[in-house]
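> 3D, please:
(one chain, ligands or ions: 1)
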Amino acid sequence: MEGKLSAVAKSLKPSPIQELSLLAQRCNAINLAEGFPDFPAPLRIKHAAIQAINSDFNQYAHVQGICDHVANKMKHIHGLDVDPATDIVICCGQTEAFAATMFAIINPGDEVILFDPSFETYDTCITMAGGVPVYVSLEPPCWTLDADKLMKSFTSRTKAIVLNSPHNPTGKVFTQDELEIIAGACRTWDSLAVTDEVYEHIIYDNEKHISLAKLPGMQRRTIITSSLSKTFSVTGWRIGWAIAPSCIASAIRNIHVKLTDSAPAPFQEAALTALTSSPEYFETLKNDYLKKRDFIVELLESVGFDFKFKPKGSFFLFVKLPDSCTLSDVEFVEKLIKQAGVVAVPGRGFFHQVAEKSQTAVCYQDRYIRFAYCKSNATLNAAAQKIKRLFNKGFSADC
Ligand SMILES: Cc1ncc(COP(=O)(O)O)c(C=O)c1O
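Numbering: from 1, shown residues only. You can find the predicted model right below:
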């Protein structure tokens, strides 16, 4: 039967992360792996969704009010003029917005620049659309952008660059200088930019989210993708959007309609309530996540991890194993699951370039662990106790 599969299907391999997920389920491990909250979504938006279902908003739908709110927000927060009638497409989460964007802009052989490490789904979407991912590594420990490396990665075949800030997995927020370098390269090479801004409201230490589209000459060449998922703790609702110049938005809309017809109607209705949340809602979200970040950084420091870089946004920590630990990321996570009953993600799945092997055999791309702290305080406390107990038992010596 395998012979019947398409080349695309055959090229998609299960990652070590999937195998570890199964092990974690068997061991009933506390989940610090996956990027979804385990605490309740805001009551008022849940009520809005229930009311929408009870009012029979249950058929295919396009809720134009979402576009109006998103356009207002772009004006209010970023000073960008976006036409809600033509420039916004409601999709099934950022994931579909991104995939539809790739199908809208990529011709076979077009190159798309990605930073390394990066969120896993981008390269698959690019490849499925016939494009070729080109990687530019961010330099550890602070995941800085090397302007020369970036410039060298652009060619006449470059169709777009993908920018995710705040960044999964590292928690990096790209600086204004870095954004200017990216914008300059896009202008020089007449390239598009596709941004993933799902963590725009989860940002710390007085950092400010700047949309790349705001930089001179960039709005006309930028497709912004985002969603309700992370900001409102509703990753299962599947409501997101793409914002683009009208001709590109129209192509994304056509593809979205062919792929899924429309995003879930009752949740689109409830999005109207979410998008009118008070400024206090966003402030509380940020402050709550800041406390969780500090809690988990402190915990990991207390058992021997060294934070050369503290995340400035998103709800992930991407941290190198202590030097005393000679295990690879996968071996470490396997032990964490079996011996502590906690699961995190081995970092290697986020790196795409061929690893540079060091003499000690384990390359730096195999030494990072991603912890997700989008969890209730009860979950984080329980995980902390288990992790401490494990390290007190001599886990580090065991490494
Ligand atoms: C960087 C990034 N983009 C997009 C998504 C998925 O967003 P959505 O639920 O809107 O599809 C995730 C989920 O983990 C993410 O980390």
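
> please identify which helix or strand holds the residue lying closest to residue 153 once chain neighbours are set aside.
Nearest residue to residue 153 in three dimensions, chain neighbours excluded: residue 136, at 4.9 Å (CB to CB, 6 or more residues apart in numbering). Quick note: C-beta positions are derived from backbone N, CA and C, even for glycine. Using DSSP states H and E, residue 136 maps to strand 132-137.

> quick check: mean pLDDT of that strand?
Averaged across strand 132-137, the pLDDT comes to 96.

> in the helix or strand just after that strand, what's buried?
Counting by DSSP H and E, the next helix or strand C-terminal to strand 132-137 is helix 147-153. By 16 or more other CB atoms under 10 Å, the buried positions in helix 147-153 come out as 150, 153.

> how much space separates the residue nearest to residue 153 from the ligand?
Counting by CB to the nearest ligand atom, to the nearest Å, the gap from residue 136 to the ligand is 17 Å.

> got the CA positions of the strand holding residue 136 in CSV?
The C-alpha trace of strand 132-137 is given here as CSV (Å, rounded to 0.1, in the frame of the first residue of the first chain):
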residue,chain,number,x,y,z
VAL,A,132,12.6,25.3,-1.1
PRO,A,133,13.4,26.3,2.5
VAL,A,134,16.7,28.1,3.0
TYR,A,135,17.9,28.3,6.6
VAL,A,136,19.7,31.1,8.3
SER,A,137,20.9,30.1,11.8
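
> what helices or strands is that strand leaning on?
Counting contacts by 3 or more CB pairs under 8 Å, 6 or more residues apart in numbering; DSSP states H and E, strand 132-137 packs against strand 111-116, helix 121-128, helix 147-153.

> contacting residues around it?
109-116, 122-123, 126-127, 145-146, 149-150, 153, 157-158, 352-353 (CB atoms under 8 Å, 6 or more residues apart in numbering).

> picking up where we left off before, how many neighbours does the residue nearest to residue 153 have?
Using other CB atoms under 10 Å, residue 136 has 20 other residues around it.

> identify the bridge partners of it.
residue 115 (DSSP bridges).

> ok, it to residue 312 distance?
20 Å (CB to CB, to the nearest Å).

> and whichever strand or helix holds residue 103, how far out from the chain middle?
Residue 103 belongs to helix 93-105 when assigned by DSSP H and E. Distance, stretch centre to chain centre, for helix 93-105: 14 Å (CA atoms, centre = their mean, to the nearest Å).

> which helices and strands does that helix pack with?
strand 88-91, helix 121-128, strand 192-196, strand 222-227, strand 240-243, helix 246-260.

> any chance of a markdown table for those, columns mean neighbour count?
Conversion of the helices and strands packed on helix 93-105 to a markdown table gives the following (neighbours: other CB atoms under 10 Å):
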| stretch | mean neighbour count |
| --- | --- |
| strand 88-91 | 27 |
| helix 121-128 | 19 |
| strand 192-196 | 24 |
| strand 222-227 | 27 |
| strand 240-243 | 26 |
| helix 246-260 | 17 |
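
> of the ones you listed, which shows the lowest average pLDDT?
helix 121-128 (a mean of 94).

> check the burial of residue 134 by counting its neighbours.
Residue 134: 17 neighbours (other CB under 10 Å).

> what of residue 190?
11.

> nearest residue to it other than its sequence neighbours?
residue 221 is the one closest to residue 190 (CB to CB, 6+ apart), at 7.8 Å.

> need the contact list for the one you found.
186-187, 190-193, 245.

> from those, which is closest to the ligand?
Nearest to the ligand among the contacts of residue 221 is residue 193, at 15.3 Å by CB to the nearest ligand atom.

> okay, and the beta partners of the closest one?
Applying DSSP bridges, one finds that residue 193 bridges with residue 161, residue 222.

> so which bits of the longest helix seen in the chain are buried?
Assignment by DSSP state H gives helix 279-302 as the longest helix of the chain. For helix 279-302, burial by neighbour count (16+ other CB under 10 Å) applies to 281, 285, 289, 292-293, 296-297, 299-300.

> and what of stretch 205-217?
209-215.

> tell me, which of the residues you listed make contact with the ligand?
Contacts with the ligand are made by none of these, judged by CB under 6 Å from any ligand atom.

> dump these to a markdown table, plus pLDDT and secondary structure.
Below are the buried residues of stretch 205-217 laid out as a markdown table (pLDDT from 0 to 100; DSSP: H, G, I helix; E, B strand; the rest coil):
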| residue | pLDDT | secondary structure |
| --- | --- | --- |
| 209 | 97 | coil |
| 210 | 97 | coil |
| 211 | 98 | coil |
| 212 | 98 | helix |
| 213 | 98 | helix |
| 214 | 97 | helix |
| 215 | 98 | coil |
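
> helices along the stretch 251-399 of the chain, start to end?
Per DSSP state H, counting those that start in this stretch, the stretch 251-399 of the chain carries helices over the ranges 265-274, 279-302, 329-335, 377-392, 395-398.

> as TSV, these with mean pLDDT and distance to the ligand would be great.
Converted to TSV, those look like this (pLDDT from 0 to 100; distance: least, CB to the nearest ligand atom, whole Å):
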stretch	mean pLDDT	distance to the ligand
helix 265-274	98	12
helix 279-302	97	14
helix 329-335	92	18
helix 377-392	94	17
helix 395-398	53	28
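
> of these, which is nearest residue 25?
Closest of these to residue 25 is helix 329-335, at 13.8 Å (criterion: CB to CB).
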